[in-house]
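Chemist: sequence isn't available, so here's the structure alone:
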């Protein structure tokens, strides 16, 4: 087996990264936010060989199958539904500038590293997200009450 190294390896790894981004359905903003959170770089082109390999492994952990057909999207768990409901409540309370699913996924990725709500499989990860959203919602409600009391 021949090991590809140098410029050709870089080209192949960068291609894999961009194919994965497309397969995962990430928009450019989400991709760059995850890339920066995981590597401290704003562009995959700035990664060294080790960084590219690690980021490719992260993309696989996020659900990229390396070009193989993806299994059907799983149904939401009870905790995932709770997260969606809390996100909707925050949107209705005016706490969110972006109420979209990709914004929620970016929040989840920032908080626990899972790039998509449906990839939250560990109860502890989902609990972390739920508690953060509940605390945010509680702060919003408290702020609204204080504004209402001061008028």
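Modeler: Yes, it's here. Quick caveat: nothing in here was measured; it's all calculated off a predicted structure.
Chemist: residue 50 and residue 143, how far apart?
Modeler: Residue 50 sits 45 Å away from residue 143, going by C-beta to C-beta, to the nearest Å. C-betas here are computed from N, CA, C, even on glycine.
Chemist: who has more neighbours out of those two?
Modeler: Legend: neighbour count by other C-beta atoms under 10 Å for residue 50 and residue 143, higher for residue 143 (12 against 8).
Chemist: and the host helix or strand of that one, what's buried?
Modeler: In this assignment (DSSP states H and E), residue 143 forms part of helix 123-149. Buried residues in helix 123-149, counted by 16 or more other C-beta atoms under 10 Å: 125-126, 129-130, 132-133, 136-137, 140.
Chemist: pull the most distant pair out of these.
Modeler: Farthest pair in these (C-beta to C-beta) is 125 and 140. Separation: 23.1 Å.
Chemist: specify the local secondary structure of residue 16.
Modeler: helix (DSSP: H, G, I helix; E, B strand; the rest coil).
Chemist: state the distance from the residue nearest to it when sequence neighbours are not counted to residue 49.
Modeler: If the residues on either side of it in the chain are set aside, residue 16 comes closest to residue 56, at 5.6 Å by C-beta to C-beta, 6 or more residues apart in numbering. Counting by C-beta to C-beta, the gap from residue 56 to residue 49 is 11 Å.
Chemist: out of those two, which sits in the more crowded spot?
Modeler: For residue 56 and residue 49, the more surrounded residue by other C-beta under 10 Å is residue 56, and the numbers stand at 19 against 12.
Chemist: per-residue confidence at residue 151?
Modeler: pLDDT, residue 151: 56.
Chemist: tell me the confidence at the closest residue to residue 65 other than its chain neighbours?
Modeler: Distances taken as C-beta to C-beta, 6+ apart place residue 23 nearest to residue 65, at 7.5 Å, with adjacent residues excluded. Looking at residue 23, its pLDDT reads 82.
Chemist: what segments of this structure are helices?
Modeler: Counting by DSSP state H, one finds helices in the chain at the ranges 7-24, 28-39, 49-61, 78-92, 101-112, 123-149.
Chemist: contact partners of the first one?
Modeler: The list of residues contacting helix 7-24 from outside it, by C-beta atoms under 8 Å, 6 or more residues apart in numbering, reads 4, 31, 44-45, 49, 52-53, 55-56, 59-60, 62-67, 70, 115-116.
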